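Engineer: Quick one, structure for this:
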Amino acid sequence: MSGFRAVGFFLLIMVTACHQLALPYPLTQPSVEAVAIPSPSPEVLKQLPATWTPQGEGVPAQQDTPSPVGETDFSVWVLNEDDHAILRIGYQSQKIEHKIVINGTPLDVAVDEHAIWVIEGVDESRSNILRIDRHTNVVVASIPIIYGAALSLTTGEGAVWVGIAEPTSLHETSGGIEYAQSGGVVRIDAQTNQITHYIKTGAVAAEVVYYQRALWVLEWMFLYSYVDRIDLASRDFVIRSLPETPDMDEYLHQFGHIALNHAGIWATPLEDNTEFIYRMNAEDGKIESFIQVGGSAADILATEDSVWVALRSGTVLRIEPSTEQITEAIKAGGRLSNLYLNRDVLWALSRMDAQVYSIDLTNRSVSEGVMTGNVPKPRLTPSPTPPPLDAGDTPWHPCSSGYESKMRVGMQAMVNPDPPLANRVRDDAGRQATVIGQIEPGEIVEILAGPLCADNWVWWKVKSVDTGLSGWTAEGDGSNYWLVPVQ
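Structural biologist: Numbers count the residues shown, from 1 in each chain. Modelled structure (predicted):
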């Protein structure tokens, strides 16, 4: 999502050894509240903080004349998080045709026949949903989300659906303090811009997908993930968890993204060191196939006749749904992160390279790529030599523009339990790197390598003593230390 510190997502990545894992909970799905909760009153909404709230005709966009959307429009809206920018890329022009800069961080985008909808992350727990008029390219509404952090969104049935991660909750048990996080789905009326319902889910609603009059919700739990189906044919919004009667196998997988077609639910693994995707039965959620794709899958998109997979290596694959065979491998470029489809044009975005490529599906031609703005700054290897281990927690400056560090290689550190928030673990140093898991408050880690400097933060490669999870995590943000030395 963004570069913010984790707010308690339980995203521990499973490895092969997990097949021998004794799970500390029964094989049942968490309970959910299949109740539509009315939204706050307009008076309450007016009191909610937002980075800015457009009035009247909207906030003037920072570009030239409006671009109407016609039947031959194959453009795409993409995001550049570092530049805080929402961008319209033209297919014929192969350039940025419109740019909107916002105060917060753009996190996800969805398009319907009337508008472009964007999640604007304000901080760890607050988000806005921005509405951009599709014909004038102007932001005309900013809708505060009060239930938690917005993670994903989609459109369907005259509404915008937003997946939510609620704030971390603490529960005192006989074994000590337990941390938990649930979520839900917000329904926004696409005509009035009003929040009409909040549907509680049993876990973090990491991704929402609309397909065949239903909302499919990818939910993340502590060690696994599963899919919920919400029937939209009625306003009861009944939640059906898939699988309804899971076995051990379903608890050994974390899904990163999902897509649907007549063949079932297709999913990428959350971890980036695997080279397969999943196909699940849409009726019961059971995993039916592991399809080798020869690389790490970053995103997935499905139509009725094709499944498209973006590999982080820069290749886009087409899979035939009926045979599960790879029929095409199209080299786009960059380290791909997202796929978008507009009629006969497939767009592949590389957030790491700040570049987007168009693939014409009528002739399979690939564009040279359009820059979306500034490329994320490369990390700098610090030159100062860290103090010796016997120097204790004596602060030192590993990065010229960063804060003081209390760490050095060989030490043990603990995730600061005050406040009780988890630290994200990434596959590389920097807030644009892929999240591969998290370490919980009070969890002990070994400092393996570092430090590296990125985004004005100090990053260390760590390994959890409890779980063995290994990757890069930030020591703090300059105001707070998230890793503290173990005394």
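Engineer: is it true that residue 421 touches residue 441?
Structural biologist: Yes - Residue 421 lies in contact with residue 441 (CB atoms under 8 Å); the separation is 6.5 Å. Every residue, glycine included, has its C-beta placed from N, CA and C.
Engineer: Please state the offset of stretch 123-142 from the chain centre?
Structural biologist: With CA atoms, centre = their mean, to the nearest Å as the basis, stretch 123-142 stands 18 Å off its chain's centre.
Engineer: Quick one: end-to-end length of that stretch, please.
Structural biologist: Distance across stretch 123-142, first residue to last, is 15 Å (CA to CA, to the nearest Å).
Engineer: Give the rounded mean pLDDT of it.
Structural biologist: The pLDDT scores in stretch 123-142 average 89.
Engineer: can you list the weak-confidence ranges in the stretch 351-487 of the chain?
Structural biologist: 376-403, 478-479, 487 (pLDDT under 70).
Engineer: Apply 80 and report the result again.
Structural biologist: By pLDDT under 80, the low-scoring segments of the stretch 351-487 of the chain are 376-404, 406, 418-421, 431-434, 450, 454-456, 477-480, 487.
Engineer: now the strands: where do they sit in it?
Structural biologist: 355-360, 365-366, 370-371, 412-415, 423-426, 435-439, 444-454, 457-464, 470-474, 483-485 (DSSP state E, counting those that start in this stretch).
Engineer: of all the ones you listed, which lies closest to residue 302?
Structural biologist: Residue 302 lies closest to strand 355-360 among these, at 15.8 Å (CB to CB).
Engineer: Now do the closest one: which elements does it pack against?
Structural biologist: strand 76-80, strand 345-350, strand 365-366, strand 370-371 (3 or more CB pairs under 8 Å, 6 or more residues apart in numbering; DSSP states H and E).
Engineer: Not counting the last one itself, show me its contacts.
Structural biologist: Put plainly, it is strand 370-371. Around strand 370-371, the neighbours that count as contacts under CB atoms under 8 Å, 6 or more residues apart in numbering are 89, 94-96, 354-358.
Engineer: what's the answer for the third one, then?
Structural biologist: Around strand 365-366, the neighbours that count as contacts under CB under 8 Å, 6+ apart are 330-333, 357-360.
Engineer: That one pairs with which strands, and in what direction?
Structural biologist: strand 355-360 (antiparallel) (DSSP bridges).
Engineer: Same question for the first one.
Structural biologist: Strand 76-80 has the following sheet partners, assigned by DSSP bridges: strand 85-89 (antiparallel).
Engineer: do the last one as well
Structural biologist: Strand partners for strand 370-371, identified by DSSP bridges, are recorded as strand 355-360 (antiparallel).
Engineer: Show me which residues of the strand it pairs with are buried.
Structural biologist: Neighbour counts over strand 355-360 (16 or more other CB atoms under 10 Å) mark 355-359 as buried.
Engineer: from the chain's centre, how far out does that strand sit?
Structural biologist: 21 Å.
Engineer: what's the neighbour count on the residue lying closest to residue 334 once chain neighbours are set aside?
Structural biologist: Counting by CB to CB, 6 or more residues apart in numbering, residue 334 lies nearest to residue 350, which is 3.1 Å off, once chain neighbours are set aside. The number of residues packed near residue 350 is 23, by other CB atoms under 10 Å.
Engineer: for residue 283, helix, strand, or coil?
Structural biologist: coil (DSSP: H, G, I helix; E, B strand; the rest coil).
Engineer: per-residue confidence at it?
Structural biologist: With respect to pLDDT, residue 283 has a value of 91.
Engineer: show me the contacts for it.
Structural biologist: Residues near residue 283 by CB under 8 Å, 6+ apart: residue 242.
Engineer: how near is the nearest residue to residue 411 once chain neighbours are set aside to residue 410?
Structural biologist: Among residues not flanking residue 411 along the chain, residue 447 sits closest, at 4.8 Å (CB to CB, 6+ apart). Distance of residue 447 to residue 410, given as CB to CB, to the nearest Å: 6 Å.
Engineer: okay, these two: which has more neighbours?
Structural biologist: residue 447 (20 against 11).
Engineer: Pick the one among the buried residues of strand 355-360 closest to residue 416.
Structural biologist: residue 355 (36.8 Å).
Engineer: and the buried residues of strand 355-360 as a markdown table, adding distance to residue 461?
Structural biologist: Listed next are these as a markdown table, based on distance: CB to CB, whole Å:
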| residue | distance to residue 461 |
| --- | --- |
| 355 | 28 |
| 356 | 31 |
| 357 | 32 |
| 358 | 37 |
| 359 | 36 |
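Engineer: for those, which one is nearest residue 77?
Structural biologist: Looking across the buried residues of strand 355-360 and measuring by CB to CB, the closest to residue 77 is residue 356, at 10.3 Å.
Engineer: My guess is the closest one contacts residue 75. True?
Structural biologist: No - Residue 356 is not in contact with residue 75 according to CB under 8 Å; the separation is 10.8 Å.
Engineer: Which neighbours do these two have in common?
Structural biologist: residue 89.
Engineer: Quick one: the helices in this structure, in order.
Structural biologist: Listed in chain order, the helices of the chain (DSSP state H) span 42-46.
Engineer: Against residue 289, how distant is residue 136?
Structural biologist: 45 Å.
Engineer: in the stretch 151-300 of the chain, which spans are strands?
Structural biologist: Using DSSP E, counting those that start in this stretch, the strands of the stretch 151-300 of the chain run over 159-165, 169-173, 176-180, 183-189, 195-201, 204-211, 214-220, 225-231, 239-242, 255-261, 264-269, 276-280, 287-292, 297-302.
Engineer: wait, which of those is closest to residue 79?
Structural biologist: strand 297-302 (13.5 Å).
Engineer: which secondary structure elements does the closest one contact?
Structural biologist: strand 255-261, strand 264-269, strand 276-280, strand 307-311, strand 338-342.
Engineer: for the longest one, what is the average pLDDT?
Structural biologist: In other words, strand 255-261. Mean predicted confidence for strand 255-261 is 95.
Engineer: How about stretch 293-304?
Structural biologist: pLDDT averaged over stretch 293-304 gives 95.
Engineer: which stretches of the stretch 51-200 of the chain have low pLDDT?
Structural biologist: Residues of the stretch 51-200 of the chain that meet the cut-off, pLDDT under 80, sit at 51-73, 123-125, 168-181.
Engineer: What residues does the residue lying closest to residue 163 once chain neighbours are set aside make contact with?
Structural biologist: Once flanking residues are discounted, residue 163 sits nearest to residue 205: 3.5 Å by CB to CB, 6+ apart. Shown in contact with residue 205 (CB under 8 Å, 6+ apart): 151-152, 163-165, 183-185, 217-219.
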